[in-house]
Each structure stands twice: as C-alpha cells, then as structure tokens.
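A.B. asks: Show me how the following folds:
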Amino acid sequence: MKREYHKWFSPSLGRDMELLIFGHAGYPAVVFPTSQGRFYEFEDRQMVSTVQDKLEHGHLQLYCVDSVDGESWYNRDVPPRWRIARQAQYGNYIMNEVVPLIRQMNQYSGIGTIGISFGGYHALNIALRHPDVFTGMLSMSGAFDPSHFLRGYYDDDCYFNIPTHYLPNIGDPWYLDRYRRNNYVLATGVHDQCWNENERMAQIFRAKNIPCRLDVWGDNTGHDWPWWQRMLQTYL
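C.D. replies: You can find the predicted model right below:
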C-alpha cells in the first residue's frame, strides 16, 4: 500500500503542517482527526488497516490532515475572536493548500470528507461550506455545535462555521441543489454521547429536504475506536 508523508510551511496558518496519504488512486477523502488529534491518528488507531484492501486496489485514497484545534476551539488562553479566526485560517489551509494537492495527485472530480467525534464537525462543516468540491461526507459520532467554546462571543465567522446555525437559513439554490446531489452520512450509536447532536443535525437536513442517512448503531455501540472501525468498513 502506498504511503506518503508531506510537510510544508502553510501560508494560511503561518506554520508547518503535516499530512499522510494512503493509497495510490480511487475516490479521495480528507480525514480529520478527533479533537486535538494528529495526522497519524487514523493510522495509529488501525483505521487505515481496516480499509487496506480498498486502498491497495485503488478504490480509495485517504488524505489524513493535522488539526489546529489546540490553537482554535480548545485554546482557552486566547479570546474567542482569536479562536474563531484560527478556525477560519484552518479552513483556508484545507481549501487553498490541501485541495490543490489532491487535485494534483488524483483525477476524481469529487472529494469526500471523513471525521470522527470533533473531526466529524470539521468533515461536515467544510463539506457544507464547499458542496461543489466535497461531494460526500461521513461523520462517525460527530459533534456539530462548538458554540460553547466561544463563551457568548459571536460574529459572522462564528455563524459561518457552525453548521447547526447556518444550514437552517440557507435558501440559495446554488447550495441546495448541490447538497441534494451529494452524499451525507451521520453514524452514531445507542451509547454515544453525541447521539442527540446527530439526531438534531439529521432533523435540519430533513427540514431542508436534503438527503442524509442517519444510522444509530445498536449492539451497545459507543464512542470508541472499535465501533468506528466497524463503521468505516461498512460505509467505505
């Protein structure tokens, strides 16, 4: 299985950023780590080996990016305005640096996003903000409303980075038409603390007539890696 390590100085974030690529061809997907996780988390947690067969046969290619959650949402040492500004810079990094790399290495027109727990927030947020680029999204045990990190602060950047806030108000056909063609999957479990957030997000999709698959796994499914490995095998 092809495995590549990339590192460069990110103009968007003003620091070095690292990522790992798995697979040589197939549907490309950007993988976001869990809260404050690193770009190697998906490999360390045996998520990559879970879909190794698809990667080796050229059906799938994973771009595992790093996070800056510790400098944005989870950074309690800076004001909320800085936190949301850092999140906006992270979005610019994905769109202006990671996506061009994918375009250079992969001929697929559509790109997917995958995220677990807080990574599910990133996967959904970037997919909804750019539905012409990201045509598929898989969230496992995602949490989608990080507004509690802002301690009451609010501005346009906050609004446009919280899916539960902006999606209900979108009426632009350009967005809605693309949303309705794309694929969105929310997976959670009966013992997952994010179950309610997934139900709420699915209700918003339904209210906008946007197809969205919500699966609530039984069999004592909780918020942990063994369940996410099974989910990944199921949906990919």
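A.B. asks: Distance from stretch 218-226 to the middle of the chain?
C.D. replies: 20 Å (Cα atoms, centre = their mean, to the nearest Å).
A.B. asks: mind listing what the lowest-mean-pLDDT helix or strand in the chain pairs with, with the direction of each?
C.D. replies: Lowest mean confidence among the helices and strands of the chain (mean pLDDT, DSSP states H and E): strand 213-222, at a mean of 93. Sheet partners assigned to strand 213-222 using DSSP bridges are listed as strand 183-191 (parallel).
A.B. asks: Same question for the strand it pairs with: list its buried residues.
C.D. replies: 184-189 (16 or more other Cβ atoms under 10 Å). For the C-beta atoms, the positions are set from N, CA and C on the backbone; glycine is no exception.
A.B. asks: how about JSON lines for those residues, with pLDDT and distance to residue 136 added?
C.D. replies: Formatted as JSON lines, the buried residues of strand 183-191 follow (pLDDT from 0 to 100; distance: Cβ to Cβ, whole Å):
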{"residue": "184", "pLDDT": "98", "distance to residue 136": "8"}
{"residue": "185", "pLDDT": "98", "distance to residue 136": "8"}
{"residue": "186", "pLDDT": "97", "distance to residue 136": "13"}
{"residue": "187", "pLDDT": "97", "distance to residue 136": "13"}
{"residue": "188", "pLDDT": "96", "distance to residue 136": "18"}
{"residue": "189", "pLDDT": "94", "distance to residue 136": "21"}
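A.B. asks: Format these as CSV; extra columns: distance to residue 207.
C.D. replies: Shown next, in CSV, are the buried residues of strand 183-191 (distance: Cβ to Cβ, whole Å):
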residue, distance to residue 207
184, 14
185, 18
186, 15
187, 20
188, 19
189, 24
